[in-house]
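Asker: Have a look; sequence and predicted model below, questions after that.
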Amino acid sequence: MKIYDLAGLPTGLRPQLAALGVCDNESPQDDRFLGRLRRLGYPTTDYWGVYAVEGDELLARVETLRLPFTGRTGTQPVVGVADVVTRPPGLGRGYARALLQEVHRRSRADGARWSFLWTRRSWGAHRLYESLGYQDIYSTPYALGRVPSSAARRPPGRYRLLVAGAADAGRIERILRSGTHGRLGFLPRPPAQATLRARLGGRSWKNFRILFDGRRPVGYAYLSDDKPWSLTASEVVVPSPEHRPAMLAALRSLARGRWLTFQSTSFVTDAEVDLREGGFLVSPVSHAVLMAKPLVPARSLGEDLRPLGSDPAFSNHRGDMF
Ligand SMILES: CC(C)(COP(=O)(O)OP(=O)(O)OC[C@H]1O[C@@H](n2cnc3c(N)ncnc32)[C@H](O)[C@@H]1OP(=O)(O)O)[C@@H](O)C(=O)NCCC(=O)NCCS
């Protein structure tokens, strides 16, 4: 087996990157797409990822991000491992393990003390990560409730929930900055991440809603509204607690006659009391877990970031970039 990073990958193997993308249930990636991500400021490591090659076959990949992580004692760069996948012909031959070990080696050399990744408790990969020293530190909470058709058609009082457009990017960024100020986790988010995600096609402006109190923007939500039976809110940021009930009421008005679910957003824990009072079922955990691994010996590790996943100040919205 040979291990390459993106720059070192023989040109003839580049088209096979697309096949790996499809294996991982995502759209094919090619050089043009990856170049675009970089130009837009996506927070990748400079080597992007590592790839296992056998003969002329690209069989496995692991991609990486370099993200800031804010703990109780300061902010440090950490590695975010994403997109671990082995193509079926290469399964069970140690490719994923070897690539992860290579990422750990490179991350240490780059000064990172921690590596993070997202997975699901029930996936086989979870066992692989545990055997490499990763531990579960956080699970995304969710909440759901059925909204009666008789629910109010509009948000209360002076509140309005308006569809966002590209011109609202700065507004959304400001709300996010204020909503995550003083919080812990993969923060601060890289600048212009809302614009970045919209340009990459992962987000669509029409799915953002901004909550206004009169003329003042006080929160936003990112929605998936493509099912007749449910409305899902996956990133709900309302910096000031006094506006949380209004956000909830505004989303209920959109979801009239359907299920309203909150997934992968710290709004569930931040607004837990409001959600429970509103009759929502709240679950503090789901199958999705964030795992962390120290990359250096305990004496040079500094702050232990693992307990922060259960700190009420931990903030997480849609996996925070990876
Ligand atoms: C998970 C995945 C990347 C593993 O790739 P792989 O190259 O076959 O893994 P390896 O051969 O390096 O396996 C390393 C270890 O993990 C264990 N492992 C791997 N897949 C496993 C599974 N499905 N169930 C249980 N254990 C598993 C192996 O037993 C092996 O242990 P060993 O070294 O003690 O023998 C691969 O199954 C895959 O691409 N799955 C689909 C995409 C996916 O789920 N990615 C992870 C997203 S978080």
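Answerer: All right, it came through fine. Bear in mind the structure is a predicted one, so any value in this text is a computation, not a measurement.
Asker: Would you tell me what helix or strand residue 260 is located in?
Answerer: Using DSSP states H and E, residue 260 maps to strand 259-263.
Asker: And that strand, what's buried?
Answerer: 260-263 (16 or more other CB atoms under 10 Å). Placement of C-beta: from N, CA and C, glycine included.
Asker: okay, now the domains of this structure?
Answerer: Here the domain parsing of the chain from automatic domain parsing is 2-139+287-310, 142-283.
Asker: Ends of the last one, what's the gap?
Answerer: End-to-end distance of domain 142-283 (CA to CA, to the nearest Å): 5 Å.
Asker: same thing with the first one?
Answerer: Criterion CA to CA; first-to-last residue distance in domain 2-139+287-310 is 39 Å.
Asker: re the thing from before, which stretch among the domains of the chain comes nearest residue 317?
Answerer: domain 142-283 (4.2 Å; CB to CB).
Asker: And that closest one, how far out from the chain middle?
Answerer: Counting by CA atoms, centre = their mean, to the nearest Å, domain 142-283 is centred 16 Å from the centre of its parent chain.
Asker: And the pLDDT at the closest residue in space to residue 224 that isn't next to it in sequence?
Answerer: What sits nearest to residue 224 in space, not counting adjacent residues and going by CB to CB, 6 or more residues apart in numbering, is residue 232, at 4.4 Å. Per-residue pLDDT puts residue 232 at 96.
Asker: got it, and residue 83?
Answerer: On the pLDDT scale, residue 83 is placed at 87.
Asker: dump the residue contacts of it.
Answerer: Applying CB atoms under 8 Å, 6 or more residues apart in numbering to residue 83 gives the contacts 24, 26, 49, 61-63.
Asker: Looking at those residues, state which has the most neighbours.
Answerer: Per-residue neighbour counts (other CB atoms under 10 Å) across the contacts of residue 83 peak at residue 61, which has 28 neighbours.
Asker: gap between that residue and residue 98?
Answerer: 12 Å (CB to CB, to the nearest Å).
Asker: so what sits against both of the two?
Answerer: Residues touching both residue 61 and residue 98 (CB under 8 Å, 6+ apart): residue 52.
Asker: Let me see the mean pLDDT of the strand holding residue 260.
Answerer: In this model, strand 259-263 carries a mean pLDDT of 96.
Asker: Check stretch 40-59 too.
Answerer: Per-residue scores along stretch 40-59 average to 91.
Asker: Dump that stretch to PDB, restricted to CA.
Answerer: The C-alpha trace of stretch 40-59 is given here as PDB (Å, rounded to 0.1, in the frame of the first residue of the first chain):
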ATOM      1  CA  LEU A  40     -13.800  29.900  -0.700                       C
ATOM      2  CA  GLY A  41     -11.900  29.500   2.500                       C
ATOM      3  CA  TYR A  42     -13.000  26.000   3.600                       C
ATOM      4  CA  PRO A  43     -10.800  25.300   6.700                       C
ATOM      5  CA  THR A  44      -8.900  22.300   5.300                       C
ATOM      6  CA  THR A  45      -5.400  21.200   6.300                       C
ATOM      7  CA  ASP A  46      -2.800  22.200   3.700                       C
ATOM      8  CA  TYR A  47      -2.400  18.500   2.700                       C
ATOM      9  CA  TRP A  48      -6.200  18.100   2.400                       C
ATOM     10  CA  GLY A  49      -6.400  14.400   3.000                       C
ATOM     11  CA  VAL A  50      -4.600  11.100   2.700                       C
ATOM     12  CA  TYR A  51      -5.300   8.300   0.200                       C
ATOM     13  CA  ALA A  52      -4.500   4.600   0.100                       C
ATOM     14  CA  VAL A  53      -3.400   3.300  -3.200                       C
ATOM     15  CA  GLU A  54      -2.700  -0.300  -4.200                       C
ATOM     16  CA  GLY A  55      -1.300  -0.700  -7.700                       C
ATOM     17  CA  ASP A  56      -3.400   1.700  -9.800                       C
ATOM     18  CA  GLU A  57      -6.400   1.700  -7.500                       C
ATOM     19  CA  LEU A  58      -7.300   4.400  -5.100                       C
ATOM     20  CA  LEU A  59      -9.000   2.300  -2.300                       C
END
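Asker: No further questions, thank you.
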